[in-house]
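Asker: turn this into a structure:
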Amino acid sequence: MSKQQYFEHIAEYGVAACRECRYAVWPEQIEGHLQEQHKTSRKEAEVVGQHVRSWAGLVQYPSELEVPGGIPKPVPQLPVQKRVHAQVDDAYARVYCQRLFGSRHGSQYFEVQPPSQEGEGAGTAPVDGDAAWARVGEAMERAWENVERRAQSTIQEGERDEVNPWVERTQWLPYLVGMEQADLMACIEEPVAEPDPRSNNEAEPVEAAIWAAMAELTRFSQTSAIERVGVFVRLEAIRTEKHQTRYQPLQPYMDKDAIVKHMRPWQQVL
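Answerer: Below you'll find the predicted structure:
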């Protein structure tokens, strides 16, 4: 999709309307809207955002927005809704309404003239009230599903899933808040020095060397704890553990599998 196809300039009101969502978006929120609602790349969103902000007469801030007064003609780029309107004589009549923005400032409805038979406001949403409410319900359901999905896959502040107390001491959690779990897992996969034709993993020789160096350091530390470090040093080391009340010296890992299991978190951190 080209940058001209995402947004359309409603020059009469100085706003940029998303062609697909069919409501206006503030200029500084263009990138976020494209990435969240239309799953575009960051680079593409930035290009579109710069292009939209270059339009002449574009309202930049909510304080500059003037909600249409009177009963203007409907804006073709926006959906038309038929709403109940109270009259002075306590009678009720249905009128046609539109709004510029989907939420917050500028989202209030304003009355417009009925769409003409010639197609003025063509492509607008059906004015049937039941159909409109059905669409609103579907949109809310999709939005809630998206919120639940992101809550399950996005690292939240306050989560403590790290079972390795030594890695927990690094206080990495604040830096992981907001990251997707799938992206994080991809970042900590074991790197390969040579490309593997059986998978899509690219060669990462530098990362593979760091991974191997951390493994050697762990094995060296294991040997030192067994052959060189005295019992008093290992006793002091175990006392630095949080909530540790035992007075037993730090025990080295005695088998190969245990060493691999406990050194992997440090390799992933690096």
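Asker: just the local confidence number for the residue nearest to residue 195 when sequence neighbours are not counted, please.
Answerer: Nearest residue to residue 195 in three dimensions, chain neighbours excluded: residue 203, at 4.5 Å (CB to CB, 6 or more residues apart in numbering). Where C-beta positions appear, they are placed from N, C-alpha and C, glycine not excepted. For residue 203, the pLDDT comes out at 75.
Asker: quick one, phi psi at residue 203?
Answerer: phi -70, psi 130 (degrees, to the nearest 10).
Asker: how about residue 113?
Answerer: Dihedral angles (degrees, to the nearest 10) for residue 113: phi -70, psi 150.
Asker: who are the contact partners of it?
Answerer: Contacts here follow CB atoms under 8 Å, 6 or more residues apart in numbering; on that basis residue 113 touches 71, 72, 73, 74, 96.
Asker: for residue 231, state which of these is nearest.
Answerer: Using CB to CB, residue 74 comes nearest to residue 231 of those, at 84.3 Å.
Asker: you'd agree the closest one is up against residue 96?
Answerer: Yes: the pair residue 74 / residue 96 is scored as a contact, 6.7 Å apart, by CB atoms under 8 Å.
Asker: what is in contact with those two at once?
Answerer: By CB under 8 Å, 6+ apart, the residues touching both residue 74 and residue 96 are 80, 112, 113, 115.
Asker: tell me the spacing between the first one and residue 96.
Answerer: Here the distance between residue 80 and residue 96 works out to 5 Å (CB to CB, to the nearest Å).
Asker: residue ranges with poor pLDDT in the stretch 1-150 of the chain?
Answerer: Residues of the stretch 1-150 of the chain that meet the criterion pLDDT under 70 lie in 1-4, 83-93, 117-137, 146-150.
Asker: quick one: name whatever helix or strand follows the one helix or strand residue 82 maps to.
Answerer: In the assignment (DSSP states H and E), residue 82 maps to strand 81-86. Counting by DSSP H and E, the element after strand 81-86 in chain order, helix or strand, is strand 92-98.
Asker: packing partners for that next one?
Answerer: strand 81-86, strand 110-112 (3 or more CB pairs under 8 Å, 6 or more residues apart in numbering; DSSP states H and E).
Asker: run me through the strand neighbours of it, direction for each.
Answerer: Paired strands of strand 92-98, with direction, are strand 81-86 (antiparallel), strand 110-112 (antiparallel) (DSSP bridges).
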